[in-house]
Structure formats: structure tokens, C-alpha cells
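Peer 1: With the sequence up front, the predicted model follows.
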Amino acid sequence: MLKPGGLIGVREEDRDSMILAPHDPLLEQAYQLGARFWQHGGGDPFLARQHRRLLREACFTGIVATASTECWGNTEATQYWGEFVARIILEPIFSDQAIALGWVDRQTLEAMAAASRAWGRHPDAYLAWICCQAVAWKG
């Protein structure tokens, strides 16, 4: 609930804008699988680019949209992210459903998790994506 005249701010990454280095086909597949899982659950990993429309449809005014980036570009950050993604890939709520739906097999999931951990330890690892953000006022 926001009273008239109130200000709202939203910020979310657009998963279609990901920059991943070094390139790894297994990691690309893992991120695509994650987006598919998200959509299967009714979500939209590409919703961020629609902030202006959504705010306008919700009767907000004075909408200003901008962008920034999220990035992981040092050893501590990439190791954390690589391990985080590996854990999600192997988490039963994700892995069991992906296997049951016939999207992937256990061996491929384990290879994806290993690739994520290896990426996180790579000295050149880098990940970034665009975050769409907007502020608006309730009319």
C-alpha cells in the first residue's frame, strides 16, 4: 500500500543482459535452465525491462527509469557466486523438478555445479548484468 503522493522505487536485474567470462557452455546452459525454472513457476526473469509499463498500468506517474549494473569482478565475489550457483543447481527443489520435467539429467546438473565452482575460482572470472530501475509517484 502506498498513499497518494508516495514514492516507489524498483530495481531488478535483466537476465538477458548477462556478461559471463570466461565463456563456459555448461554455465550458459545452467543460467538458461534457471530462467526456464523461473518461468515454469510463473515468474519472468526478463520482467525488469517492463518496469515503466507496469508502474504506469498501476496508475503511478512521473515515472523515471534508469539502469545500473551488478558485477562480480574480484576473487572473493566470483568464488562466492560460483559456489552459490552450484548450491542452487544441486538443491533438490530445483534439481529434482528439472529432472522430473525431463529438462536435464543428474549427471549434467553435477557437471554444471562443478563448472560453476571452477568458474568462481578462475583468475579471470567476471559476471555482470544490467539492472533496470525506476522511481514513480502514486497519483
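Peer 2: Arrived safely, thanks for sending.
Peer 1: If I look at residue 61, what pLDDT would I see?
Peer 2: You'll see residue 61 listed with a pLDDT of 96.
Peer 1: Report pLDDT for the residue most central in space within the chain.
Peer 2: Nearest to the mean C-alpha position of the chain, counting by CA atoms, centre = their mean, stands residue 15 at 4.9 Å. Residue 15 is assigned 88 on the pLDDT scale.
Peer 1: Need the nearest residue in space to residue 136, chain neighbours excluded.
Peer 2: Ranked by CB to CB, 6 or more residues apart in numbering and with sequence neighbours excluded, the top spatial neighbour of residue 136 is residue 60, at 3.6 Å. To be clear about C-beta, it is placed using only N, CA and C from the backbone, and glycine gets the same treatment.
Peer 1: bridging residues for that neighbour?
Peer 2: Counting by DSSP bridges, residue 60 is bridged to residue 138.
Peer 1: Is it in contact with residue 8, as I believe?
Peer 2: Yes - taking contacts as CB atoms under 8 Å, residue 60 lies within contact range of residue 8: 6.6 Å.
Peer 1: Report the set of residues contacting both of these two.
Peer 2: 136-138 (CB atoms under 8 Å, 6 or more residues apart in numbering).
Peer 1: I'd like to know which of these are buried.
Peer 2: Taking 16 or more other CB atoms under 10 Å as the criterion, what is buried in those is 136-138.
Peer 1: Columns distance to residue 67 on top of the residues you listed, output as CSV?
Peer 2: Converted to CSV, these look like this (distance: CB to CB, whole Å):
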residue, distance to residue 67
136, 16
137, 20
138, 23
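Peer 1: between residue 60 and residue 8, who's got more neighbours?
Peer 2: Set side by side, residue 60 and residue 8 show more neighbours around residue 60, with 21 against 14, by other CB atoms under 10 Å.
Peer 1: Residue 132: what secondary structure?
Peer 2: At residue 132 the chain is in strand, as set by DSSP: H, G, I helix; E, B strand; the rest coil.
Peer 1: Check residue 10 too.
Peer 2: strand.
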